[in-house]
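[1] fold the following and give me the result.
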Amino acid sequence: MIDQATQAATDSHLIALRRGDEAAFEQLFADYADKIYRLAIGLLGNDEEADHVVQDSFLRLIEKLDTFEGRSSLGTWLYRVAYNLSIDFIRARRPILPLVEEMEDDDSLVAPVILADWTGVPDRVIDDVELTESLDAAIAGLPEIYRAIFILREIDQLSVEETAAIAGISPGAVKVRHHRARLFLRERLAEMWFSQV
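    Numbering: from 1, shown residues only. From the prediction side, this is the model:
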């Protein structure tokens with residue numbers, strides 16, 4: 001459910017888009033193309049496929065604009081389309097991978113082994129470009145079902161409810177997957193950095 005201010009902005013933008021207002025479309029593209037690309041490249045790890053996802057997401061918007069009911073913001077709807085298109089690419093690679101199904105709430109996938117105190121890490125290490133590269137590598141190493149949630153929650157700063165709507169899962173599943181992604185990243189970064197300090 002979206003708030004009244006977001007709904008009003010969505011309604012006015014929707015009216016302009018349905019009238020064929022090119023400036024409204026260009027603004028929507030400017031607002032969301034990079035975000036959609038970031039989600040797609042995060043899930044797919046392939047520039048060409050991520051570009052296709054961006055293009056196809058906006059083509060779907062144009063094709064389905066008359067059927068958009070406004071139950072979510074246009075931005076959330078575009079994220080959902082991009083997420084689904086990315087999942088389609090992944091399934092084409094490995095058709096048996098279950099990405100959207102609810103998973104059991106067991107902790108078998110991520111269990112911290114290295115418990116590290118990051119407060120003692122020297123500033124020269126934390127400020128280093130290598131940390132960013134290590135974080136990027138750790139995020140890329142997340143299983144797809146966790147990577148998408150991490151990108152939407154941490155990088156794009158979407159709410160639990162928006163993320164749930166985009167991923168087609170319950171808010172509880174978003175929280176579990178987000179928590180597991182963070183545990184995985186903490187573990188990977190501890191392995192990378194505490195072996196160097």
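[2] where does the prediction get shaky in the protein?
    Along the chain, the parts satisfying pLDDT under 70 run over 1-11, 94-131, 193-197.
[3] domains of it?
    Following automatic domain parsing, one finds the domains of the chain at 4-93, 118-194.
[4] and the next helix or strand past the one helix or strand Ser12 maps to?
    Using DSSP states H and E, Ser12 falls within helix 4-18. Later in the chain than helix 4-18, the nearest helix or strand by DSSP H and E is helix 22-44.
[5] pull the CA atoms of that following helix into CSV?
    The C-alpha trace of helix 22-44 is given here as CSV (Å, rounded to 0.1, in the frame of the first residue of the first chain):
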residue,chain,number,x,y,z
GLU,A,22,7.6,12.7,-23.7
ALA,A,23,9.0,14.9,-21.0
ALA,A,24,7.2,12.7,-18.3
PHE,A,25,8.6,9.5,-19.9
GLU,A,26,12.1,11.0,-20.1
GLN,A,27,11.9,12.0,-16.4
LEU,A,28,10.7,8.6,-15.4
PHE,A,29,13.6,7.0,-17.4
ALA,A,30,16.1,9.4,-15.8
ASP,A,31,14.7,8.6,-12.3
TYR,A,32,14.7,4.8,-12.7
ALA,A,33,17.0,3.5,-15.5
ASP,A,34,20.2,3.5,-13.3
LYS,A,35,18.3,1.9,-10.4
ILE,A,36,16.9,-0.8,-12.7
TYR,A,37,20.3,-1.4,-14.2
ARG,A,38,21.9,-1.7,-10.8
LEU,A,39,19.3,-4.3,-9.8
ALA,A,40,19.7,-6.3,-13.0
ILE,A,41,23.5,-6.2,-13.1
GLY,A,42,23.5,-7.2,-9.4
LEU,A,43,21.4,-10.2,-10.2
LEU,A,44,22.8,-11.2,-13.6
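[6] pull out the buried residues from the helix or strand just after it.
    Sequence order places helix 47-64 as the next helix or strand after helix 22-44, per DSSP H and E. Using 16 or more other Cβ atoms under 10 Å as the burial criterion, the residues of helix 47-64 that qualify are Glu49, Ala50, His52, Val53, Val54, Asp56, Ser57, Phe58, Arg60, Leu61. Every residue, glycine included, has its C-beta placed from N, CA and C.
[7] including distance to Ser134, could those residues go into CSV?
    As requested, the buried residues of helix 47-64 are arranged in CSV below (distance: Cβ to Cβ, whole Å):
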residue, distance to Ser134
Glu49, 25
Ala50, 22
His52, 29
Val53, 26
Val54, 27
Asp56, 32
Ser57, 30
Phe58, 33
Arg60, 36
Leu61, 36
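[8] of those, which is the nearest to Ile151?
    Taking Cβ to Cβ as the measure, Ile151 lies nearest Ala50 of these, at 12.0 Å.
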